[in-house]
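>>> Build me a structure from this.
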Amino acid sequence: MRPVELSPRLLAIAHQVPLGARFADIGTDHARLPVWLLEHGRIPSAIAVDLKEGPLSRARQTAARHDLTERISFRLGDGLTPLGPEEADAIAIAGMGGETIASILGNAPWASGGTCLFYLQPMTSVPDLRRWLWRNGFVIEREELVREDKLYV
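Numbers count the residues shown, from 1 in each chain. Next up is the predicted model:
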């Protein structure tokens, strides 16, 4: 089985995840990001969360194809709700609108505690998300602009 391939935007996140991190992927869809991190030895295990059973089923299929089902915990639920604050120290929330990302973070009061690294990749409303983060005590430590086939604004 060939290793999973990531789009440039997901690869930018993958390269920033610290070695050995307790990783969670919110809105995982196909679970490509956690599978890539596991295949490259960057993390020991992962939590894959999605709001709908269809995407979570695709995530399970991806993990099964790469023989990683035992190393990923699959959870159905909204945003960070299925995740305890002590379960992850690196969390990706990618591929959704800035308003949705802000809502996900806002619904988890523990998120602003400064104990987790969040890898946020909004597809829309980037200035709104930046303002929300600033107003709610988050600090943007690093930004990376990535070119992909489509322009998101």
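
>>> Please identify the buried residues of the longest helix along the chain?
For the chain, the helix that runs over the most residues, judged by DSSP state H, is helix 53-65. Within helix 53-65, the residues scored as buried using 16 or more other C-beta atoms under 10 Å are Pro55, Leu56, Arg58, Ala59, Arg60, Thr62, Ala63. Every C-beta, even on glycine, is put in place using the N, C-alpha and C of the backbone.

>>> any chance of the residues you listed in TSV, with distance to Glu5 too?
Putting the buried residues of helix 53-65 into TSV (distance: C-beta to C-beta, whole Å) gives the following:
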residue	distance to Glu5
Pro55	18
Leu56	21
Arg58	15
Ala59	16
Arg60	19
Thr62	11
Ala63	15
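
>>> ok, so of these, who is nearest Ser125?
Here the nearest of the buried residues of helix 53-65 to Ser125, counting by C-beta to C-beta, is Pro55; it sits at 21.6 Å.

>>> Need the per-residue pLDDT for the closest one.
Looking at Pro55, its pLDDT stands at 97.

>>> The residue nearest to it when sequence neighbours are not counted: how many residues sit nearby?
Excluding the flanking residues, the one nearest Pro55 by C-beta to C-beta, 6 or more residues apart in numbering is Asp29, at 4.6 Å. Residues near Asp29, counting by other C-beta atoms under 10 Å, number 18.

>>> ok, now Ala31?
26.

>>> For this structure, which segments are assigned as strands?
23-26, 46-50, 72-76, 90-96, 117-122 (DSSP state E).

>>> Kindly reformat those as a markdown table containing mean neighbour count, mean pLDDT and distance to Leu129.
As requested, those are exported to a markdown table (neighbours: other C-beta atoms under 10 Å; pLDDT from 0 to 100; distance: least, C-beta to C-beta, whole Å):
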| stretch | mean neighbour count | mean pLDDT | distance to Leu129 |
| --- | --- | --- | --- |
| strand 23-26 | 28 | 98 | 14 |
| strand 46-50 | 25 | 98 | 19 |
| strand 72-76 | 18 | 98 | 24 |
| strand 90-96 | 22 | 97 | 10 |
| strand 117-122 | 20 | 97 | 5 |
